[in-house]
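[1] 3D, please:
(4 chains)
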Amino acid sequence: MLHTINKSPFFSNNLESCLKFAKDGDPIMLYEDGVYAVLAGTKIEPAMKDALKKHPVYAIEADVKARGITKVLEGVYLCDYSCFVGLVEQHLVCPWF
Amino acid sequence: MAEKEKTKIMFVMRKAAHGSIYAYEGLEAILIMGAFEQEISVVFIDDGVFVLKKEQDTKPLGVKEFSKTFKTLEDYDITNIYADRESLEQRGLTADDLIIPVKVMEAGEIAKIMEVQHVLLPF
Amino acid sequence: MKFGILIQDGPYNHEASDSAYNFIKAALERGHTIQGVFFYNDGVHNVNKLMDPPQDDRNISRRWSELGAKGIDIVVCIAAAKRRGINNDVLVPNVRISGLGQLLELSIESDRLITFGTG
Amino acid sequence: MGSFELSGKVYQTDEDGYLVNMDDWNKEAAEHLAKEENVEMTDAHWEVVNLLREYYEEYKIAPMIKILIKAVGKKLGPDKGNNKYLYELYPQGPAKQACKIAGLPKPTGCV
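    As a prediction, this is how the structure comes out:
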């Protein structure tokens, strides 16, 4: 299952809920304000580092760049919409709104 | 997918009842889509569990008391209705506080049911 | 593959319409079919032809109309539309109003259905 | 939008003749709405209309035909809980006509 998140983890519990339900190995796609989760040096960094051990984590690069996020957590794959589509080809989508 | 195989569609309800329209329009979607005899299921997670809270009195607010409409789901043979145990517990609720019977489950069990769906619809 | 797209929120207020559009473009480039786009909730505002953004901004309703012109089935939920004052008179071309049964059909016919919205 | 007047009271209706305010409903209004639908109200007709109102009170929704048949069957017996019986009473469609006479909101018909 591919989990998609479009809200900042500083604003909503969507990422938290996603991590509770996601099975080890499930990919996570961060887009829109969801990409704030990849910012290094924040209070959710420990949770993200833990998540990165269990899940491939992707973030839409256009959203990351648009938000001035330059310090990206190590291990996050920055990707484009083609890559997003590629993940949807392989997985059922579970959106966390 | 084989022609006669029913499509598994799960509604994932994570938002409370009256602060936004998602829960209500989600319910409308469940009722219409439920009439086409596919395999519909509904899961209540996070604030979604508040949608089923008993004793809602919407008269003072002047909006429809649609929590009662969930009771009609069994007429549509929609009986696969789940709630996340932890979401209930964190909100001080138990299954007895809800207007319809639900299967209370752990997140891991719910995730397994999600995985076998054809479509997950968030409301 | 056949993709179905559900859009639950309106244009401009939120990035959902842009993300959906970018997703669809990428899917088409990868050779996939967009089985249909279904607008529900405030998503019905996406295809209002009265939309008139400033010159230097994207025109979101025109985007959907252009995708419709390419043969993609763009459907607006009638119940959600009625509630919000959207009817045939204000729709951009190449878009139609229909019922939630269409969302069910889209769910059945698509290999994957993906939702964009605010929540 | 339209309206009709009975015994000095004005009832607002929508473009399809449904009552705008459910709370306006009474037997007299129901008789009037039935006449507009060319339905002669008998005890059998009232049984269905009353059941619809009870259903709405309990579930806050007008049932679609399939569900109405189920509910009628449960409440009034299997000989009445079928398409044929209900269509004999309400030839233009029980969900539509009986709902209108019962003063319920128009079925969304979002199918």
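[2] Up against chain A, what does chain B have?
    B:12, B:14-15, B:45-46, B:86, B:107, B:110-111, B:114-115, B:117-120, B:122 (CB under 8 Å from any CB of the partner chain). Any C-beta I mention is one placed from the backbone N, CA and C, and that applies to glycine too.
[3] Out of those residues, which end up buried?
    For the residues of chain B next to chain A, a burial check counting by 16 or more other CB atoms under 10 Å in any protein chain shown picks out B:12, B:14-15, B:45-46, B:86, B:107, B:110-111, B:114, B:117-120, B:122.
[4] Now for these: which two are most distant?
    B:86 and B:118 (26.3 Å; CB to CB).
[5] send the alpha carbons of the lengthiest helix in chain D over as CSV?
    Counting residues, the longest helix found in chain D (DSSP state H) is helix D:43-59. Output in CSV follows, covering the C-alpha atoms of helix D:43-59 (Å, rounded to 0.1, in the frame of the first residue of the first chain):
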residue,chain,number,x,y,z
ASP,D,43,-55.9,3.5,4.4
ALA,D,44,-53.4,1.5,2.4
HIS,D,45,-51.9,4.7,1.1
TRP,D,46,-51.8,6.3,4.5
GLU,D,47,-50.0,3.2,5.9
VAL,D,48,-47.1,3.8,3.5
VAL,D,49,-47.0,7.6,4.0
ASN,D,50,-47.0,7.2,7.8
LEU,D,51,-44.3,4.6,7.6
LEU,D,52,-42.2,6.9,5.5
ARG,D,53,-42.6,9.7,8.1
GLU,D,54,-41.6,7.3,10.9
TYR,D,55,-38.6,6.1,8.8
TYR,D,56,-37.5,9.7,8.3
GLU,D,57,-37.9,10.5,12.0
GLU,D,58,-35.7,7.6,12.8
TYR,D,59,-33.1,7.7,10.1
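[6] now for that helix, which elements pack on it?
    Helices and strands touching helix D:43-59, by 3 or more CB pairs under 8 Å, 6 or more residues apart in numbering or on different chains; DSSP states H and E, are helix D:65-76, helix D:83-89, helix D:94-101.
[7] Out of these, which is closest to chain C?
    With distances scored as CB to the nearest CB, the stretch of the helices and strands packed on helix D:43-59 nearest to chain C is helix D:65-76 (14.0 Å).
[8] ok, back up a step: among the buried ones among the residues of chain B next to chain A, find me the one that's closest to chain D.
    residue B:119 (18.2 Å).
[9] Am I right that the closest one is in contact with residue B:7?
    Yes - because the distance of 7.2 Å satisfies CB atoms under 8 Å, residue B:119 is recorded as touching residue B:7.
[10] Identify the contacts common to the two.
    Counting by CB atoms under 8 Å, 6 or more residues apart in numbering or on different chains, the residues touching both residue B:119 and residue B:7 are residue C:107.
[11] Which secondary structure state does residue C:25 sit in?
    The local conformation at residue C:25, judged by DSSP: H, G, I helix; E, B strand; the rest coil, is helix.
[12] Need the nearest residue in space to it, chain neighbours excluded.
    Nearest residue to residue C:25 in three dimensions, chain neighbours excluded: residue A:81, at 7.0 Å (CB to CB, 6 or more residues apart in numbering or on different chains).
[13] What ranges does chain A have for its strands?
    With strands called from DSSP state E, chain A shows them at A:2-5, A:28-30, A:57-60, A:77-79, A:93-96.
[14] Which ones among the residues of chain B next to chain A also lie next to chain C?
    B:14-15, B:118-119, B:122.
[15] Next up, the contacts around the nearest residue to residue B:34 once chain neighbours are set aside.
    Nearest residue to residue B:34 in three dimensions, chain neighbours excluded: residue B:76, at 4.0 Å (CB to CB, 6+ apart). Listed by CB under 8 Å, 6+ apart, the contact partners of residue B:76 are B:31, B:34-35, B:40, D:67.
[16] just the residues you listed now: which is nearest residue D:21?
    Nearest member of the contacts of residue B:76 to residue D:21, counting by CB to CB, is residue B:31, at 23.4 Å.
[17] I figured the closest one hits residue B:72, correct?
    Yes - the pair residue B:31 / residue B:72 is scored as a contact, 7.4 Å apart, by CB under 8 Å.
[18] overlap in contacts of the two?
    Contacts common to residue B:31 and residue B:72, judged by CB under 8 Å, 6+ apart, are residue D:61.
[19] on that earlier part again, most neighbours of all the contacts of residue B:76, which one?
    residue B:40 (27 neighbours; other CB atoms under 10 Å in any protein chain shown).
[20] Which ones among the residues of chain B next to chain A map onto helices?
    Judged by DSSP H, the residues of chain B next to chain A include B:86, B:107, B:110-111, B:114-115 as members of helices.
[21] So residue C:10 belongs to a strand, correct?
    No - under the criterion used here (three-state DSSP), residue C:10 is coil, not part of a strand.
[22] residues contacting residue 93?
    The chain I'm using is chain A. A:1-2, A:4, B:120, C:112-115.
[23] please go with chain C instead
    C:49, C:65, C:68-69.
[24] between those, which is closest to chain D?
    The closest of those, once distances to chain D are taken by CB to the nearest CB, is residue C:68, at 20.9 Å.
[25] quick one: what helix or strand has the spatially most central residue of chain B in it?
    In chain B, the centroid-proximal residue (CA atoms, centre = their mean) is residue B:42; its distance is 4.1 Å. Under the criterion of DSSP states H and E, residue B:42 resides in strand B:39-44.
[26] Now the element after that strand, going C-ward?
    strand B:80-84.
[27] quick one, that following strand and strand B:39-44 angle?
    Taking axes from the mean of the first three to the mean of the last three CA atoms, to 10 degrees, one finds strand B:80-84 and strand B:39-44 inclined to each other by 20 degrees.
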